[in-house]
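[1] Coordinates for the following, if possible.
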Amino acid sequence: MKIRSQFAILLLGILVVPILLTAGFWVILRLREVDTTDFPDRDTIFEQTGHWIDIESWEQVEQILSRNPKQIQALVLDSGFRVLFSTIEPFKAGELIGQEGLGHQFFSESPDYFYLIETIQSETEQFLLINRVDHFRKRPPSPYQLMISGLVILLGSLFIFSAAISISIARSIYSSVSMLDQLTRRIAGGELDLEIELGGSNEITSLASSLNHLRLSLKEDESRRSRFIMGVSHDLKTPLALIKGYAEAIADGIIDSPEEQVRSLGVITAKVDQLEGMIDDLIGYVRMDSRAWQQQLQPRPLALFLRAFSQRMEKDAQVLARKFIYEISIPEKLAVPFDEGLLTRALENLCANALRFTNDDGLVCLHAAFFNPSQQEQSAAAGQTSENRYVRISISDNGIAISSADLPHIFDLFWRASPSRRESGMGIGLAVVRSVVESHGWSIHVESESGKGSCFFILIPTSGYC
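    Numbers count the residues shown, from 1 in each chain. Down below sits the predicted model:
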């Protein structure tokens, strides 16, 4: 049970328990109301005893008898020791008893009863009231005693209920937190394969699930770091080995002709340039792991940036005997936050790959327009609002397609495509592209078909920007 639900039960119990106990206390009071003794009226006493009692005298007797509960037996005698009313065996109304008989009765029953004798004096008559109470019968509690008892029961029940729920909550929290502490310490010690499993279903188990996601993320980062180091080591060895080999050959005089030396120095220079490019790629990729740059993002006009970029790529394509066309169908005023340098690097990477893998006179296209994912259609109306829509940037070519086996891994770090699209490099270019795109909060995917080429799509949310 969730901790929030347990606290809700605790609060509900604190409110409901007093109401239930108060209702029960009221029922008990009603059941334990004093049931007074039924006594005859004045005419009945006259018929039974032949003794006529004036109204005022009998009202005084009735007032005293009305306070007696049924468990208290009563005997009323007139001044001549005649029984006027009796609930004490064996005395009966109308019977005349003497002091000796009365004293003998008291003495014989003294181990079992105690007697309370009271004289009732009116203006005209005198009566003797004798109350008899069983030694073993407890006196009924007074309303004040019942109220105190009820209050004690109420407070005690509240304490027991609150203590039970609180202990249950505390044990649940302590056991979960203690287990969580032990497991997180082991994970912090490097046991990234250790899965955090907690019983029950509460907020702490939800926290454990979040920590499991964090553990898996750390594990993936650790694995990626290992692959990164291995990939860097492997890819840097090849140009370094060539540089070292040519340098040693020149130094040892193996390459002694000026023409061969010039050619060797050219190879060394090319490999140094290749190393420089690799190092730039590494620096760019590592920069993606530092998200401090995201704090300085400012909205920029996207159409203006894309148009300037496309004009530069158009000239580069001409140098490579390729054709580059573009269409920017978004409003000039549309501004979204992005890092100009990083986005330029990502788009250059995509466009450079597209130009590289097309033949002479090949075609590369860049298209930017509004896009509605739910309807899978574009809108080129520049005056339409961007609310709840996206801008989709597509970069397509009609060159060599990406094989279906490579598509799922095309953005993986150090992934090398099949031989048809493989060139020198470290295999981190498209990984950098994906990192740039996703670090902006955008998304990227690729589609490729043999004979038609490939198309990369970047989806940019525009909701909230103008």
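[2] State whether residue 74 is indeed within a strand.
    Yes: counting by DSSP: H, G, I helix; E, B strand; the rest coil, residue 74 is found in a strand.
[3] For the chain, name the helix or strand with the lowest mean pLDDT.
    Lowest by mean pLDDT, DSSP states H and E among the helices and strands of the chain is strand 377-379, with a mean of 44.
[4] Helices of the protein, residue ranges please.
    According to DSSP state H, the chain carries its helices in the segments 3-31, 42-49, 55-65, 99-109, 143-188, 203-251, 258-289, 302-319, 340-356, 429-439.
[5] which helices and strands sit right next to the last one?
    Right, helix 429-439. Helix 429-439 makes packing contacts with helix 258-289, helix 340-356, strand 443-449 when contacts are defined by 3 or more Cβ pairs under 8 Å, 6 or more residues apart in numbering; DSSP states H and E. Quick note: C-beta positions are derived from backbone N, CA and C, even for glycine.
[6] Mean neighbour count, these: which tops it?
    Mean neighbour count (mean count of other Cβ atoms under 10 Å) peaks for helix 340-356 among those, with a mean of 20.
[7] What is that one packed up against?
    Partner elements for helix 340-356 (3+ Cβ pairs under 8 Å, 6+ apart): helix 258-289, helix 302-319, strand 363-372, strand 390-397, helix 429-439.
[8] Could you export these to CSV, including columns for mean pLDDT and distance to residue 120?
    Shown next, in CSV, are these (pLDDT from 0 to 100; distance: least, Cβ to Cβ, whole Å):
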stretch, mean pLDDT, distance to residue 120
helix 258-289, 78, 104
helix 302-319, 92, 109
strand 363-372, 92, 103
strand 390-397, 94, 103
helix 429-439, 85, 103
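[9] Indicate which one of these is closest to residue 209.
    Residue 209 lies closest to helix 429-439 among those, at 23.1 Å (Cβ to Cβ).
[10] Flag the shaky bits of the stretch 351-466 of the chain, pLDDT-wise.
    Along the stretch 351-466 of the chain, segments meeting pLDDT under 70 span 374-388, 413-428, 464-466.
[11] same thing but 90
    The model of the stretch 351-466 of the chain has pLDDT under 90 over residues 352-353, 355-362, 371-389, 399-436, 438-441, 449-453, 462-466.
[12] Ok, which of the helices of the chain comes nearest residue 452?
    Of all the helices of the chain, it is helix 340-356 that lies closest to residue 452, at 13.0 Å by Cβ to Cβ.
[13] neighbouring contacts of the closest one?
    284, 287, 293, 300, 305, 309, 313, 316-317, 320, 322, 324, 362, 364, 366, 393, 395-397, 399, 423, 429-430, 432-433, 436-437, 439-440, 454, 456 (Cβ atoms under 8 Å, 6 or more residues apart in numbering).
[14] Produce a ChimeraX select command limited to the buried residues of those residues.
    A single ChimeraX command selects the buried members of the contacts of helix 340-356 (16 or more other Cβ atoms under 10 Å):
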select :284,287,305,309,313,317,322,324,362,364,366,393,395,396,397,399,429,430,432,433,436,437,439,440,454,456
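[15] Now for the nearest residue to residue 402 once chain neighbours are set aside: which residues touch it?
    Once flanking residues are discounted, residue 402 sits nearest to residue 448: 4.0 Å by Cβ to Cβ, 6 or more residues apart in numbering. Counting by Cβ under 8 Å, 6+ apart, residue 448 touches 401, 402, 407, 454, 455.
[16] Could you pull up the residues touching residue 268?
    Residue 268 makes contact with 242, 243, 246, 247 under the criterion Cβ under 8 Å, 6+ apart.
[17] Filter the residues you listed down to the buried ones and express that as a ChimeraX selection.
    Remark: buried members of the contacts of residue 268, expressed as a ChimeraX selection using 16+ other Cβ under 10 Å:
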select :242,243,246
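[18] Using JSON lines, lay out the helices and strands packed on helix 429-439 together with distance to residue 117.
    Below are the helices and strands packed on helix 429-439 laid out as JSON lines (distance: least, Cβ to Cβ, whole Å):
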{"stretch": "helix 258-289", "distance to residue 117": "103"}
{"stretch": "helix 340-356", "distance to residue 117": "110"}
{"stretch": "strand 443-449", "distance to residue 117": "103"}
